[in-house]
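Colleague: Just to be clear, the model below is a prediction. Sequence and coordinates:
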Amino acid sequence: MATPLVAGIKPAVVALKEGETVYWCSCGRSQKQPFCDGSHEDTEFSPVAFSAPKDDDYYFCTCKRTKQPPLCDGAHKRLAEDD
């Protein structure tokens, strides 16, 4: 299994409206972080759809190590120096 690129070291806070759907970048290659721009083509990665359950701010993972994709679980705090 390939390891995604680390795109950032803190979550991206995004305000979404209830029912709004976005596609989170799981590969770390997108230039539109935290969202997909198609850069995963020719990789084993696929974007992850997320539909907001309510109007709110959502914290999207940018280190790509979360165990709760697409949302941040604090994994960026445990990144190894070689990531």
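Modeller: Noted; the coordinates are in hand. Keep in mind that this is a model prediction, so the values were computed, not measured.

Colleague: Could you tell me which ranges of this structure sit under the pLDDT cut-off?
Modeller: Counting by pLDDT under 70, the chain contains low-confidence ranges at 80-83.

Colleague: Can you give me every residue that contacts residue 30?
Modeller: Applying CB atoms under 8 Å, 6 or more residues apart in numbering to residue 30 gives the contacts 7, 36-40. Yep, even glycine has a C-beta here, placed from its N, CA and C like the rest.

Colleague: Now it: closest residue in space that isn't a chain neighbour?
Modeller: Spatial nearest neighbour of residue 30, excluding adjacent residues (CB to CB, 6 or more residues apart in numbering): residue 37 at 4.4 Å.

Colleague: pretty sure that neighbour belongs to a helix, no?
Modeller: No. Using DSSP: H, G, I helix; E, B strand; the rest coil, the secondary structure at residue 37 is coil, not a helix.

Colleague: correct me, but it touches residue 25?
Modeller: Yes. Residue 37 is within contact range of residue 25, at 7.3 Å (criterion: CB atoms under 8 Å).

Colleague: Which one's more surrounded, those two?
Modeller: residue 25 (28 against 13; other CB atoms under 10 Å).

Colleague: contacting residues around the closest residue to the more buried one other than its chain neighbours?
Modeller: Once flanking residues are discounted, residue 25 sits nearest to residue 36: 4.6 Å by CB to CB, 6+ apart. By CB under 8 Å, 6+ apart, the residues touching residue 36 are 23-26, 30, 47.

Colleague: Can you flag which of those residues belong to strands?
Modeller: Judged by DSSP state E, the contacts of residue 36 include 23-24 as members of strands.

Colleague: how about a markdown table for the contacts of residue 36, with distance to residue 17 added?
Modeller: Output for those, formatted as a markdown table (distance: CB to CB, whole Å):
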| residue | distance to residue 17 |
| --- | --- |
| 23 | 16 |
| 24 | 17 |
| 25 | 21 |
| 26 | 23 |
| 30 | 22 |
| 47 | 20 |
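
Colleague: Thanks again, I'm all set now.
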